[in-house]
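Undergrad: what's the 3D shape of this:
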Amino acid sequence: MTYIAFALKERRLLTFAVSFTFFSSFGQTFLISLFVPYFLIAFELNNATFGTLYSAATLTGATALPWLGQWIDRIPLRQYSLYVALALLFASILMAISWHISMLFVSLIMLRLAGQGLSSHTAATTMARHYDGNRGKALSISSLGYPLGEAVLPTIIAAILVMFHWRTTWAFIATVIAIFFIPAIWYLVRGETNVVTDDDKPSAEVRSTRDNYREIFADTRTPFVIAATIMPAFWVTGLFLYQVVAADSLGWSVALIASAFIAFAFARIISGLAAGPVIDRISARSIFPFYLLPMIAGFLIAYHVNANWAAFAYMGFVGVTMGLGSTMKAALWAEMYGTKMIGTVQSLFATIMVLSTAVSPFLVGWMLDASFTIHTILMIAIFSSIIAGLLSFRVFPAFDKKKRLI
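TA: Just a heads-up that it's a prediction; the model follows:
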């Protein structure tokens, strides 16, 4: 089935998933960073203090993600998705009325958990479970919400911040969520009672989360995929957070590296869409060990070349890996562990990924303070990514003895 035919046939559930990936932007670092200068002034914080607060909020949200994420395996999709959307609405309202640093901290926890964590989790889990033969296409289309949010929302939010107070801006965000997002998802999944069919349920009706985790970690392939799973988010978060320092050290202007984000977004969209049919044809396990290669190529270009075109090549190749990962990982979990507990698996690996994004700013910042050059950090990123890629061959079909079928 072609992309267009598939999208038209499944437009309702695909729109549901794209809505969640798009609205996850309100809990993503790229959007929250627009408000940081206002937070520093309003709450009398310095950069180091806010960075610690933000990392603590991310870690707190990550600890709740496995428990909250597995409930998508247990309750109707319509009910679960409404809870996630209401949590995002509550976080936006709380941010709009925050007057004390404690309220800011709770708001950040809720935004990171409901936005970056549970919204992304809801979209990926629904696509991975609901579709089998077209799982790759479904995940590719649902992932379009990420680059769309990155391309559209910063400009809109920046324009609103010029005209209105930052708290008013969060009130506008809450209004959009309440008027458009919540009614839309309620309508789009009106026919979905539960994405787990009676035939798919475990024999004990509802297996405990502990039993699910025991099965996941009893799988000998699990440790070999964790490193490759977190590597892109880890290094992209750390390097992008210090992109001003990186640009200067690599011989690029800040304006150049900012404009190179166009290449990043474009490459992420194209690679995400291209990955779908490939996954449907040859499986996610077949391409997983190779998906870090574009990012490694981008790091190598940044390390060796300081010409202006290298900034676009660097960002473009990193975008390819991010696009492949956003489409492929949920499909990989379904292939490795089956669809019965896909929500639990997805939330577990999402938690590990979020934890890595909380650690990387500390590590990269420490290395910069310890007089590590950007070139040294890039070389560390290259070698660690190569090792992670080699380890991930454990799930490659030729080396995978289990070869679980869905």
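Undergrad: Which strand or helix spans residue 217?
TA: helix 209-218 (DSSP states H and E).
Undergrad: Next secondary structure after that helix?
TA: Helices and strands here follow DSSP H and E; after helix 209-218, the next one along the chain is helix 222-241.
Undergrad: any idea of the mean pLDDT for that following helix?
TA: Helix 222-241 comes out with an average pLDDT of 86.
Undergrad: My read is that residue 334 contacts residue 126, right?
TA: No. Taking C-beta atoms under 8 Å as the definition, residue 334 is not a contact partner of residue 126, at 11.7 Å. Where C-beta positions appear, they are placed from N, C-alpha and C, glycine not excepted.
Undergrad: Between those two, which is the more surrounded one?
TA: Summary of the neighbour comparison: residue 334 and residue 126, criterion other C-beta atoms under 10 Å, with residue 126 having more neighbours (29 against 26).
Undergrad: The more buried one: which element?
TA: When elements are assigned from DSSP H and E, residue 126 belongs to helix 120-130.
Undergrad: who does that helix touch, helix- and strand-wise?
TA: The helices and strands touching helix 120-130, judged by 3 or more C-beta pairs under 8 Å, 6 or more residues apart in numbering; DSSP states H and E, are helix 11-23, helix 47-69, helix 77-97, helix 135-142, helix 308-337, helix 342-369.
Undergrad: still on that earlier bit, tilt between the helix holding residue 217 and helix 308-337?
TA: If you take axes from the mean of the first three to the mean of the last three C-alpha atoms, to 10 degrees, helix 209-218 sits at 120 degrees to helix 308-337.
Undergrad: Packing partners of helix 209-218?
TA: Other helices and strands packing on helix 209-218, by 3+ C-beta pairs under 8 Å, 6+ apart, are helix 342-369.
Undergrad: which parts of the helix it packs on are buried?
TA: Of the residues in helix 342-369, 342-361, 364-365, 367-368 count as buried by neighbour count, 16 or more other C-beta atoms under 10 Å.
Undergrad: Stretch 83-91 now?
TA: Buried residues in stretch 83-91, counted by 16+ other C-beta under 10 Å: 83-85, 87-91.
Undergrad: so how far is it off the chain centroid?
TA: Its chain's C-alpha centre lies 18 Å from the corresponding centre of stretch 83-91 when counted by C-alpha atoms, centre = their mean, to the nearest Å.
Undergrad: contacts for it?
TA: Under the contact criterion C-beta atoms under 8 Å, 6 or more residues apart in numbering, stretch 83-91 has outside partners 20, 23, 26-27, 107, 110-111, 113-115, 118-119, 122, 174, 177-178, 181-182, 185.
Undergrad: low-confidence ranges in the stretch 151-300 of the chain?
TA: Scanning the stretch 151-300 of the chain for pLDDT under 70 picks out 191-211, 244.
Undergrad: picking that back up, take the contacts of stretch 83-91 and keep only those in helices.
TA: Of the positions in the contacts of stretch 83-91, 20, 23, 107, 110-111, 122, 174, 182, 185 sit in helices, assigned by DSSP state H.
Undergrad: Including neighbour count and distance to residue 70, could those residues go into TSV?
TA: As requested, those are arranged in TSV below (neighbours: other C-beta atoms under 10 Å; distance: C-beta to C-beta, whole Å):
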residue	neighbour count	distance to residue 70
20	26	17
23	27	22
107	22	25
110	23	19
111	29	21
122	29	12
174	21	28
182	17	23
185	23	20
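Undergrad: Counting neighbours, what do you get for the residue nearest to residue 365 when sequence neighbours are not counted?
TA: If you skip the residues right next to it in sequence, residue 365 has residue 242 as its closest partner in space, 7.0 Å away by C-beta to C-beta, 6 or more residues apart in numbering. Number of residues near residue 242 (other C-beta under 10 Å) recorded here: 18.
Undergrad: where's residue 242 relative to residue 273, distance?
TA: According to C-beta to C-beta, to the nearest Å, residue 242 and residue 273 sit 30 Å apart.
Undergrad: ok, now residue 26?
TA: 24 Å.
Undergrad: Please say which of the two ends up with more neighbours.
TA: Neighbour count, other C-beta under 10 Å: between residue 26 and residue 273, residue 26 has more, with 27 against 18.
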